[in-house]
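K.L.:
no sequence on this one, just coordinates:
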């Protein structure tokens, strides 16, 4: 039989520990029941004496959330609890003291022992309050106190009404970001007064006419009238910012997109970045000069700008303004009465304004002055009376819209389409520029002409030479002429219907490709339509520069005879000039070029391509400083003048996607007797574009079939 007496003491200790734990949790209930329920034994009294008795605390009734299981709690040792009975009670904790210091709350007493046993024990310590969330540091405004009302209004207006002032998405986003970074502090005013930057920008906008632009397109608000109202100052601020961005954009890229004028124009886009414009102008010491920097930097443009000022009577000296006064009329002498030349102090200014060089200080309104007034009246659609009346004075003081001024204006506009960097920087800014209406080609380097020659350009109409900027990559000596599709389908195939042997007599090869298209070519030789040299700058219009066997055309003044390509008068000199720029150590000469003539194609590749700029300048300043005017052979001037006078500026900035020319397969079969180039009817050789420029094409050729409707894109 197992002896249990040895385990009795251990069992008693476990029993006492359980009882002590229960009494600790329900201490308050036990104290409440002690006065009414007597202890049954001395053991229970010993247990009671061993349990520390906390001071009662008046706290609200506990909830279920106040109880939390403690997985780390262990059963207390009853022996240790008895040992502590004789110890001095512990000093209450600070939290307990804090609890004691609180005002007592009245609670309902337990009605019986069971209720007391289920009551929650008082908290021994006070619960620590939850930490408050960290607050963001208060941002200190950088806006001056005098400008804060305007800044507040700018914040509101940009948040709700920015579309009212900036209808371009990229400009609106750039402006909002710009003013946010400034805490919405105004840029153009301080304490209601215009800053130096604001004055500079307004001065530049008002002088837009000198750049061939229209000042009415860039309205400058009246800040003086708005100075008393933060709302008006904020609105003036945004209006001036909008005008400044409009000026920079149109000064750099033009008032109209080149696609508005014709389908055969293609220049690289160089739009302004609104964020860059804002940063540039706001940081500039001279805001007027910084804004002026968006106009073209080319000498061609600056020379025309000076001539525009002369035509308007606004040369290097002060602008001449004719004051109002009585009407002046000259009357020639008659048999009964001598000539009448009234005297007026305005006449010397009138002579200077209208370019009357004779007797510049004369104050008499004589026949010379009257004739100049009559000529001016004709140029501005006034009745040519020769009388200086109020209408004539007003017209003289306003920019003239005569033919030469209009011509200069549209030529300045076209120069905005050109790249800002015309040449190759590594080659001394070398480039080729060909002026179609002047029928001349120049090679430029280091800002000066290196070589000049005459050219033949395209006929007016569908064969007009396109305006473009591309890069010349190589020269071909002894080229094969791959006839363009426009000539094949519009000229040669109809000619074959009339005479099946015409191509043979011209020395041309006819091939039919697997897709049904026709390819015609002419092998190298002296009689080749391209002559001995072709200058290659791949482009979507499939045009190039080349030699020609028809040398007699260069003697004519107007030389618009080609199908769009440009014929060069002295191709051997042209080739040697270009090769000596890109490969100076090779020492090419015209004689060296001519020694390569034969019946095999030779490609001379450029280590560095040279830009080719094909322009249409009906007005330009020659080397002697004289304004030259050329015939508008393609009607480009007339189209642009009409657009500028009648079109809305915003619409003119939209790009028009023109349909590419298309050439369908011949509807009727080729007539009998037409000879193909070989026994194989089909040709699977290089494409037309590869035959034309050599190697894989890098520019998409025109679509072969069909026309697409016009589309509009925003620049």
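P.N.:
Structure's in. What do you need? Since the model is a prediction, treat every value here as computed from it, not as a measurement. Numbers count the residues shown, from 1 in each chain.

K.L.:
How is the chain divided into domains?
P.N.:
Under automatic domain parsing, the residue ranges defining each domain of the chain are 5-118, 145-311, 316-398, 429-693.

K.L.:
so residue 560 bridges to which residues?
P.N.:
residue 457 (DSSP bridges).

K.L.:
about what we covered before: so which of the domains of the chain comes closest to residue 413?
P.N.:
domain 145-311 (5.4 Å; CB to CB). Where you see a C-beta, it was placed from the backbone N, CA and C, and this is true even at glycine.

K.L.:
how much distance is there from the longest strand anywhere in the chain to the middle of the chain?
P.N.:
Assignment by DSSP state E gives strand 602-615 as the longest strand of the chain. Relative to the centre of its chain, strand 602-615 is centred 29 Å away, using CA atoms, centre = their mean, to the nearest Å.

K.L.:
do the same with stretch 336-344
P.N.:
62 Å.

K.L.:
Then stretch 586-597?
P.N.:
Worked out by CA atoms, centre = their mean, stretch 586-597 lies 45 Å from the chain centre.

K.L.:
List the contacts of that stretch.
P.N.:
Stretch 586-597 is contacted from outside by 477, 478, 532, 533, 570, 572, 573, 575, 576, 579, 580, 602, using CB atoms under 8 Å, 6 or more residues apart in numbering.

K.L.:
at 7 Å instead, please
P.N.:
477, 478, 532, 572, 573, 575, 576, 579, 580, 602 (CB atoms under 7 Å, 6 or more residues apart in numbering).

K.L.:
and what of stretch 367-387?
P.N.:
327-330, 332, 347, 350-351, 354-356, 358, 388, 391-392, 395-396, 400-402.

K.L.:
swap the cut-off to 6 Å and go again
P.N.:
With contact meaning CB atoms under 6 Å, 6 or more residues apart in numbering, stretch 367-387 is reached by 327, 329, 330, 354, 356, 358, 388, 395, 402.

K.L.:
The residues you listed, buried ones only, as a PyMOL selection?
P.N.:
Selection of buried members from those for PyMOL, criterion 16 or more other CB atoms under 10 Å:
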select buried, resi 329+330+354+356+388+395+402
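
K.L.:
just to revisit the earlier point, now the longest strand of the chain: buried residues?
P.N.:
Burial within strand 602-615, assessed by neighbour count using 16+ other CB under 10 Å, is assigned to 604, 606, 609, 610, 611, 612, 613, 614, 615.

K.L.:
likewise stretch 548-557?
P.N.:
The neighbour-count check on stretch 548-557 (16+ other CB under 10 Å) flags 548, 553, 554 as buried.

K.L.:
what does stretch 437-446 give?
P.N.:
For stretch 437-446, the neighbour count (16+ other CB under 10 Å) marks 437, 438, 439, 440, 441, 442, 443, 444, 445 as buried.

K.L.:
can you give me the strands for the stretch 451-600 of the chain?
P.N.:
467-477, 481-482, 509-513, 518-522, 533-536, 545-546, 560-562, 566-568 (DSSP state E, counting those that start in this stretch).

K.L.:
In JSON lines: the ones you listed, plus distance to residue 144, mean neighbour count and mean pLDDT.
P.N.:
Listed next are the strands of the stretch 451-600 of the chain as JSON lines, based on distance: least, CB to CB, whole Å; neighbours: other CB atoms under 10 Å; pLDDT from 0 to 100:
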{"stretch": "strand 467-477", "distance to residue 144": "48", "mean neighbour count": "21", "mean pLDDT": "97"}
{"stretch": "strand 481-482", "distance to residue 144": "70", "mean neighbour count": "22", "mean pLDDT": "90"}
{"stretch": "strand 509-513", "distance to residue 144": "75", "mean neighbour count": "19", "mean pLDDT": "86"}
{"stretch": "strand 518-522", "distance to residue 144": "74", "mean neighbour count": "20", "mean pLDDT": "89"}
{"stretch": "strand 533-536", "distance to residue 144": "62", "mean neighbour count": "25", "mean pLDDT": "97"}
{"stretch": "strand 545-546", "distance to residue 144": "62", "mean neighbour count": "24", "mean pLDDT": "97"}
{"stretch": "strand 560-562", "distance to residue 144": "64", "mean neighbour count": "19", "mean pLDDT": "96"}
{"stretch": "strand 566-568", "distance to residue 144": "62", "mean neighbour count": "24", "mean pLDDT": "97"}
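
K.L.:
how about those strands in TSV, adding distance to residue 146?
P.N.:
TSV is the format used below for the strands of the stretch 451-600 of the chain (distance: least, CB to CB, whole Å):
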stretch	distance to residue 146
strand 467-477	51
strand 481-482	73
strand 509-513	77
strand 518-522	77
strand 533-536	65
strand 545-546	64
strand 560-562	65
strand 566-568	64
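
K.L.:
Read off the pLDDT value for residue 663.
P.N.:
For residue 663, the pLDDT comes out at 61.

K.L.:
again, but for the one 4 residues further on
P.N.:
What the model reports as pLDDT for residue 667 is 57.

K.L.:
quick revisit: please identify which of the strands of the stretch 451-600 of the chain is closest to residue 214.
P.N.:
strand 467-477 (23.4 Å).

K.L.:
Show me the contact partners of that closest one.
P.N.:
For strand 467-477, using CB under 6 Å, 6+ apart, the contacting residues are 265-267, 419, 533-537, 539, 575, 596, 601-606, 609-614, 616.

K.L.:
Same check on stretch 335-347?
P.N.:
Here stretch 335-347 makes contact (CB under 6 Å, 6+ apart) with 322, 323, 325, 328, 330, 331, 332, 333, 363, 364, 365, 366.

K.L.:
Most neighbours among these, which one?
P.N.:
Counting neighbours by other CB atoms under 10 Å, residue 365 comes out on top of the contacts of stretch 335-347 with 25 neighbours.

K.L.:
That one reaches residue 328, doesn't it?
P.N.:
Yes: using CB atoms under 6 Å, residue 365 and residue 328 qualify as a contacting pair, with a distance of 4.3 Å.

K.L.:
any weak-confidence spans in the chain?
P.N.:
1-140, 313-319, 379, 399-402, 649, 661-668, 678-715 (pLDDT under 70).

K.L.:
mind listing what residue 522 touches?
P.N.:
Residues counted as contacts of residue 522 (CB under 6 Å, 6+ apart) are 481, 507, 508, 528.

K.L.:
I'd like the distance between the second one and residue 614.
P.N.:
In this structure, residue 507 lies at 30 Å from residue 614, with CB to CB, to the nearest Å as the measure.

K.L.:
The longest strand of the chain to strand 467-477, inter-axis angle?
P.N.:
Orientation check (axes from the mean of the first three to the mean of the last three CA atoms, to 10 degrees): strand 602-615 against strand 467-477 gives 160 degrees.

K.L.:
Just checking: what are the partner strands of strand 602-615?
P.N.:
Paired neighbours of strand 602-615 in the sheet (DSSP bridges): strand 431-435 (parallel), strand 467-477 (antiparallel).

K.L.:
I'd like to know which of those is closest to residue 283.
P.N.:
strand 467-477 (31.3 Å).

K.L.:
distance between the closest one and the chain's centre?
P.N.:
28 Å.

K.L.:
Relative to residue 174, tell me which of the strands paired with strand 602-615 wins on proximity.
P.N.:
Among the strands paired with strand 602-615, the nearest to residue 174 by CB to CB is strand 467-477 (27.8 Å).

K.L.:
before we move on, the earlier item: of the strands of the stretch 451-600 of the chain, which is nearest residue 489?
P.N.:
That would be strand 518-522 among the strands of the stretch 451-600 of the chain, by CB to CB, at 7.7 Å.

K.L.:
List the buried residues for stretch 291-300?
P.N.:
Per 16+ other CB under 10 Å, stretch 291-300 contains these buried residues: 291, 292, 294, 295, 296, 298, 300.
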